[in-house]
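1. model this:
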Amino acid sequence: MLKVGLVGIGFMGHGHLDQYLRLMKEGAPVKLVALCDVDDKKFHEQFTGGNMGDLGKAQYDFSQFHLYHDFDEMLKNEELDYVDIALPTYLHCYYTCKALNAGHHVLCEKPMAINPTQCRMMIDAAKKNNKKLMIAQCLRFWPAYETLKHYVDSGEFGKPVFCYFYRGGGWPKWSFQDWLLDENRSGGCLLDQHVHDVDMVNWLFGMPEAVSTLGRNVNPGGGFDAVTTQYRYDGFIVNTADDWSINSPEFPFKMTYRANFEKGAVVFEDGATTVYPVDGKAFKADDCGGDDGYYREVKYFIDAILNDKPIETADNESTYRTICLATAERNSALKNGEWTAVEC
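-> Got it, this is the predicted structure:
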């Protein structure tokens, strides 16, 4: 039975909490024993919303957990097998390294860290302590994106011709002390939200030769609130776009992709994945029983620890390269779209 401490129960931490409660109810070999958050309101169920709405509506019995406001106290008092870190991005490196150095495996929310240097520090700490580290790049475990990965890797429809990824929603005003709206703490829309599709480009196609990114800012906290990127590959086109520039509480969140191949296409929109073979009828892809990436990534990490398996779906070197790619996009945007090589 793995004992887990969850650090940070804001929007994403709240979502992780729901996954552990579900897994424990299902009899999985995991037990969430401790919660840590500096904001006492979280322990009184005053949760924040998010760009995908509230990830859970349940009433929580916090008496079943040991509650902490201090991370060091949690590490000192609890016998943990791993720590789940769902803190703001600028804190990922510090708390991940501290947990690894204390002898715990770590599941850390995306993005890996605020810059490639901090990513490398996290990887080095995991290697030094012989502990597992996984970044929760949830789209790698999301059925709709796994379907696309299948067609890219298998070559069943031939080579890719054109791929487009989009996500966007309203201005993220829900975060604790507005950390999401502060570029120095979140990296802005580019690193916090757009990084999902950056990671997909990396996971599906590897590193491009160069990137050209345009970004615009409407938020006084700095950073780019709307971005679009072209990725230079030999033989096919890849484009991404993202924005959280609309300051409206009712503006809906959306994520979608369209991928055309020589012999077919795969389209994800409105929560459904449709496959369009050139020779054959269109059909809906399997949705893996309705399980989303949040649940499946936690389950994957638990299995990797219990059975001492390597982290392959979201390995550290790959998620590190995602941050290198996002950094190149930022550098390009600062130069008004100048083609920029990826340094990693």
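2. helix/strand/coil for Thr313?
-> Following DSSP: H, G, I helix; E, B strand; the rest coil, we place Thr313 in the coil state.
3. nearest residue to it other than its sequence neighbours?
-> When the adjacent residues along the chain are set aside, Thr313 lies closest to Arg140, with 5.3 Å between them (C-beta to C-beta, 6 or more residues apart in numbering). For glycine as for every other residue, the C-beta is placed from the backbone atoms N, C-alpha and C.
4. Provide a list of residues in contact with that neighbour.
-> Contacts here follow C-beta atoms under 8 Å, 6 or more residues apart in numbering; on that basis Arg140 touches Glu146, Asp199, Trp203, Gly293, Glu297, Thr313, Ala314.
5. Please enumerate the strands of this protein.
-> In the chain, strands defined by DSSP state E lie at 2-7, 30-36, 66-68, 82-85, 105-109, 133-136, 160-170, 210-216, 226-232, 237-246, 254-261, 264-269, 272-277, 283-284, listed in chain order.
6. and the closest residue to Phe261 other than its chain neighbours, how many residues sit next to it?
-> For Phe261, the nearest residue in space outside its immediate sequence neighbours is Phe157; the separation is 3.6 Å by C-beta to C-beta, 6+ apart. Using other C-beta atoms under 10 Å as the criterion, Phe157 is surrounded by 21 other residues.
7. So for the residue nearest to His105 when sequence neighbours are not counted, what pLDDT did the model give?
-> If the residues on either side of it in the chain are set aside, His105 comes closest to Tyr82, at 3.8 Å by C-beta to C-beta, 6+ apart. Looking at Tyr82, its pLDDT reads 98.
8. Relative to Gly337, how far out is Tyr82?
-> Distance of Tyr82 to Gly337, given as C-beta to C-beta, to the nearest Å: 42 Å.
9. Tell me which of those two has more neighbours.
-> Just comparing Tyr82 and Gly337: by other C-beta under 10 Å the higher neighbour count belongs to Tyr82, 22 against 16.
10. OK, contacts around the more buried one?
-> Residues near Tyr82 by C-beta under 8 Å, 6+ apart: Leu2, Val4, Gly5, His104, His105, Val106, Leu107, Lys132, Phe301, Ile305.
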